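In: coords please:
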Amino acid sequence: MTMPTDRARPGRVGCRQARQVSRSAFEVEPRHNGKVERYNRTLAAEVLYARIWTSEAQRAHAIKVWNIHYNYHRNHTAIGDRPPASRLRTGVTNVMSQNT
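Out: Okay, here's the model as predicted:
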């Protein structure tokens with residue numbers, strides 16, 4: 001088995017030379033990973049494998065519509081049978097009003 005060389009990772013070599021630490025954009029916690037895994041499982045069950053898609057454009061549109069439903073209308077038992085968007089502060093201004 002061959003080990004990857006430093007030539008395969010120029011960013012890390014540059015960080016080492018500058019004595020900097022390479023980090024991801026955010027630290028991932030186990031509970032965050034669980035939420036992502038649950039979201040992916042629900043997406044697969046309710047959209048991706050719920051029917052046969054005839055085109056990528058059709059599937060992409062269905063995911064877009066489902067995401068709005070999932071975040072703004074679908075009740076989540078973990079947060080008291082409310083949609084996730086209901087947890088947003090009323091002063092949040094970067095949420096598209098057509099989704100509410």
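
In: residue 83: neighbour count?
Out: Counted with other CB atoms under 10 Å, the neighbours of residue 83 add up to 17. No exception for glycine: its C-beta is placed from N, CA and C like everyone else's.

In: next one: it from residue 46, what distance?
Out: Distance, residue 83 to residue 46, by CB to CB, to the nearest Å: 14 Å.

In: residue 67 now?
Out: 11 Å.

In: for the chain, what spans make up the helices?
Out: 10-17, 30-43, 56-72 (DSSP state H).

In: neighbours of the nearest residue to residue 59 once chain neighbours are set aside, how many?
Out: Closest residue to residue 59 apart from its sequence neighbours, by CB to CB, 6 or more residues apart in numbering: residue 53 at 4.1 Å. Residues near residue 53, counting by other CB under 10 Å, number 15.

In: and residue 41, by the same measure?
Out: Counted with other CB under 10 Å, residues neighbouring residue 41 total 10.

In: please name the residues that touch it.
Out: The contact partners of residue 41, by CB atoms under 8 Å, 6 or more residues apart in numbering, come to none.

In: could you measure from it over to residue 48?
Out: Taking CB to CB, one finds residue 41 at 10 Å from residue 48.

In: what's the distance between the nearest residue to residue 70 once chain neighbours are set aside and residue 54?
Out: Of all residues not flanking residue 70 in the chain, residue 42 sits nearest, at 7.4 Å (CB to CB, 6+ apart). Per CB to CB, residue 42 is found 23 Å from residue 54.

In: the more surrounded of the two?
Out: residue 42 (14 against 8).

In: list the contacts of residue 66.
Out: Counted by CB under 8 Å, 6+ apart, residue 66 has contacts 43, 46-47.

In: are any of the residues you listed buried, and if so which?
Out: residue 47 (16 or more other CB atoms under 10 Å).
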